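Engineer: how would this look folded up:
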Amino acid sequence: MKGLTLTPLFSAMALTLALSACSDNNVETVQTSQAPNAVATTSITQDANNPFFKPYDTFMEIPDFDNIKNEHFLPAFEAGIAERKAEINSITNNPDAATFANTIEAMEFSGALLTKVSGVFYNLTGAHTNPEIQAISKQVSPMLSSASDDIYLNDKLFQRVKAVYNQADTYQLNTAQTKLLEDTYKRFTRGGANLSAEDKSTLRALNEQIGKLNLEFGDNLLAETNAFELVIDNKADLAGLPQDVIDTAAATATKRGHEGKWVFTTQRPSITPFLTYAENRDLREALFKGYIERANNNNANDNKAGLAKIAALRAQKANLMGYKTHAHFVLEERTAKSPENVYALLDKVWPAALAQANAEVADMQAVIDSQGGDFSLQAWDWWYYSDQIRVAKYDFNEQQTRPYFSLESTLSGVFYTANRLFGITMKERTDLPKYHPDVRTWEVYDKDGSLMAIFLGDYYVRDSKRGGAWMNAFRSQSNMNGVESKPIIVNVLNYPRPTGDEPSLLTFDEASTLFHEFGHALHGMLSKVEYASQSGTSVPRDYVEFPSQVMENWMTQPEVLAQFAKHYKTGEVIPTELVKKIQAASKFNQGFATVEYMAATKLDLDWHTLTDTKLRDAAEFEAESLANMGLIKEIAPRYRSSYFSHIFAGGYSAGYYSYLWSDILGADAFEAFKENGIFDPATAQAFRDNILSQGGSADPMQLYRQFRGKDAGIEPLLRSRGLLEDNAAE
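Structural biologist: Below is the predicted model:
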């Protein structure tokens, strides 16, 4: 369970792309004049030097990063909003009776400029931000919120949409068109179209306030993450740490002005090895608390008051819209349908996971006692002592595997897997525009030899990038009105940089994350739909993780490991014995992994099942939530409230459960590959045809049933985590 994909895609970008009737990650480049129901745009003075105001003169129309400057964004947003407004006005005031073509499709085809600039800007806010971009984001956010409300609170436009919706049977629409019509209608009703004039005004204000607070939350968290550093000046305090970790810390210290010392940060590539190997318990505690107290330090970057306000405003908005809670409002559109269904799922998994976690605590306490430790296990001890048990039980730790998982070799494994499954090939280009020198670019060719996509990889940690890992789209696939738009997809991760003569070496979990994120990328690149709003990952939030969860499974297959897991110095293929140890240890520590994730999931749901708008004390609310769920003191939730950007700055509010929900589908789907062969051509083609190529063009669970021939069961997931014995599965 990664908990890493912030997806796809999201935060304020969702506000922008709602304007073009698209999902969060859609970046549509078809010009309005190419659409069959194009509408006139307003006359706007456009700077000829602004790259957004003309076609990109680049290969495959990759964004012209070499010439895009910060000062280009705001004028492009203003022009894009104005053009979109003119297009919507033309649709609204069309004297002809409303039809699917002149209303629903016309809306789908509009907003090209706004989507174009949004695609670049909101990728950069996550992957390569700076104070100027952050300031622009704060300025643009209320503009986009207001422009979105102008559409979905436009009663005259809604009446046209409603007329088409009520006459759907007369249009002989195909499945994708029917889905587009239904989604458009729902977008209006869920956007407040049926509210009174007074309530519409209230909704506008709520949307603007929530958007502003979302941005502030993310900015505060980034500042807190970048500000913390654990500076070590005594070499003895590095005891236990692998040399590559020490070298990276020395490089970080030099970069931060602490020459001759060692610096550790709360970024995952820094904190995880320190907590796992550092013998100095006091320093482990200091770094761990630095991580879990981010934006919770009663300073200018504190997020407690802001997140409590967000939760209250969301509850108010849900009540205004006629829903019991924000979670009920959100989940109506997800495959889970209701928070009650999610809580029911969690209740099925939580007891077994908690029991396993308690057993793991007992094992670690026994180790502490045997070593003469006069203390009880604490949360900052977990990685350190669990690793000792892993070594004792399986004769295995991640330092044994790191030399075999360089970034380069793992990428080759990812590409090998995609080629074997779907026939796609990757050709790296070094001469194409990029938004940062770290970025790498590949042409992606389909099995028939045709160029199908551009793939960008941005892999190294840096201060201008938020934490985590995600996939996004600079341009989404579509084939609207016969004009094909090939996708430009990016994976963004946070891996340690190469140091000295050593490449970037990944932990087993980090290597698995590379497979995970490329699963999202495949969802975007193998998309084959007509409408941009249905492309690739434009699916319900609790379904979007499914293809990426499936992709992780190939990472641990011996046949795949033999192809790419090679020692970065000697080229030796990872030994069979080590592979067996990896497989044997794969279910180790799953009590902890499942509980820390589910604790964050329950915390998310508790914040978003509030039925009133009372402002809570964030610290007290969180403490009560964790106590009620029975979380043990030795485990902190994967995300505490003050740095839970998935739900307070991203698109996962009331939706962090999605990883578990999707993992059920992923574990069940991989059973088909295990039954037929992990590279069985027919199974892979069925997965591509029914899942990856369809995007959001049909009901996702129906697509799953078409692939699998049945609904997913929970047993494969429980077995994969060691929470259910194989002989107890049926």
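
Engineer: residues contacting Gln399?
Structural biologist: Pro242, Tyr277 (CB atoms under 8 Å, 6 or more residues apart in numbering). Yep, even glycine has a C-beta here, placed from its N, CA and C like the rest.

Engineer: quick check: Gln356 vs Val330, distance?
Structural biologist: According to CB to CB, to the nearest Å, Gln356 stands 30 Å off from Val330.

Engineer: tell me how many other residues surround Arg256.
Structural biologist: Neighbour count of Arg256, defined by other CB atoms under 10 Å: 15.

Engineer: doesn't Phe228 make contact with it?
Structural biologist: No. In this structure, Arg256 is not within contact of Phe228 by CB atoms under 8 Å, at 11.1 Å.

Engineer: could you pull out the helices for the stretch 1-150 of the chain?
Structural biologist: 13-18, 73-92, 106-109, 112-127, 131-152 (DSSP state H, counting those that start in this stretch).

Engineer: looking at this, Lys614 is in a strand?
Structural biologist: No. Read with DSSP: H, G, I helix; E, B strand; the rest coil, Lys614 is coil and lies in no strand.

Engineer: so it sits against Ala311, correct?
Structural biologist: No. At 9.9 Å, Lys614 does not count as touching Ala311 under the criterion of CB under 8 Å.

Engineer: the more surrounded of those two?
Structural biologist: Ala311 (25 against 10).

Engineer: distance of the more buried one from Ala305?
Structural biologist: 11 Å.

Engineer: go on, Leu514?
Structural biologist: 37 Å.

Engineer: more neighbours, these two?
Structural biologist: Leu514 (25 against 12).

Engineer: tell me if the more buried one really is in a helix.
Structural biologist: Yes. Counting by three-state DSSP, one finds Leu514 located in a helix.

Engineer: need the contact list for it.
Structural biologist: Leu514 sits next to Leu407, Thr410, Leu411, Val414, Asn491, Leu493, Leu506 when contact means CB under 8 Å, 6+ apart.

Engineer: just these: which are in strands?
Structural biologist: Asn491, Leu493 (DSSP state E).

Engineer: ok, which stretches of the stretch 351-500 of the chain are helices?
Structural biologist: Using DSSP H, counting those that start in this stretch, helices in the stretch 351-500 of the chain cover 382-394, 398-401, 407-422.

Engineer: stretch 559-568: which residues count as buried?
Structural biologist: Neighbour-count burial for stretch 559-568, counted by 16 or more other CB atoms under 10 Å, picks out Val560, Leu561, Gln563, Phe564, Ala565, Lys566, Tyr568.

Engineer: run a quick neighbour tally on the residue nearest to the fourth one when sequence neighbours are not counted.
Structural biologist: Once flanking residues are discounted, Phe564 sits nearest to Gly413: 3.0 Å by CB to CB, 6 or more residues apart in numbering. Around Gly413 there are 24 other residues, counting by other CB under 10 Å.

Engineer: comparing the helices of the stretch 351-500 of the chain, which comes out most buried?
Structural biologist: helix 407-422 (a mean of 20; mean count of other CB atoms under 10 Å).

Engineer: which strands or helices does that one pack on?
Structural biologist: strand 425-429, helix 508-525, helix 558-564, helix 681-687 (3 or more CB pairs under 8 Å, 6 or more residues apart in numbering; DSSP states H and E).

Engineer: which of those sits most buried?
Structural biologist: helix 508-525 (a mean of 26).

Engineer: what are the buried residues along the next helix or strand after it?
Structural biologist: Per DSSP states H and E, the first helix or strand lying C-terminal to helix 508-525 is helix 541-544. The neighbour-count check on helix 541-544 (16+ other CB under 10 Å) flags Arg541, Asp542, Tyr543, Val544 as buried.

Engineer: as PDB, could you dump the C-alpha coordinates of helix 541-544?
Structural biologist: Taking Å, rounded to 0.1, in the frame of the first residue of the first chain, the C-alpha atoms of helix 541-544 are listed here in PDB:
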ATOM      1  CA  ARG A 541     -11.000   8.200  -7.000                       C
ATOM      2  CA  ASP A 542     -11.500   4.800  -5.400                       C
ATOM      3  CA  TYR A 543     -10.800   3.100  -8.800                       C
ATOM      4  CA  VAL A 544      -7.900   5.200 -10.100                       C
END
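
Engineer: same for the next helix or strand after it, what does it pack against?
Structural biologist: Counting by DSSP H and E, the next helix or strand C-terminal to helix 541-544 is helix 546-552. In terms of contacts (3+ CB pairs under 8 Å, 6+ apart), helix 546-552 is packed against helix 508-525, helix 658-676.

Engineer: for Arg688, find the nearest of those helices.
Structural biologist: Taking CB to CB, helix 508-525 is the member of those nearest to Arg688, at 8.7 Å.

Engineer: and the strands in the stretch 101-250 of the chain, which stretches?
Structural biologist: 230-232 (DSSP state E, counting those that start in this stretch).

Engineer: and Gln549, how far from Asp369?
Structural biologist: Distance from Gln549 to Asp369, by CB to CB: 38 Å.

Engineer: equivalent analysis for Gln685, please.
Structural biologist: 55 Å.

Engineer: for Glu332, same thing?
Structural biologist: Plainly put, Glu332 is 51 Å away from Asp369 if you go by CB to CB.

Engineer: end-to-end on stretch 65-75?
Structural biologist: 17 Å (CA to CA, to the nearest Å).

Engineer: for stretch 642-659, same thing?
Structural biologist: Taking CA to CA as the criterion, the two ends of stretch 642-659 lie 20 Å apart.
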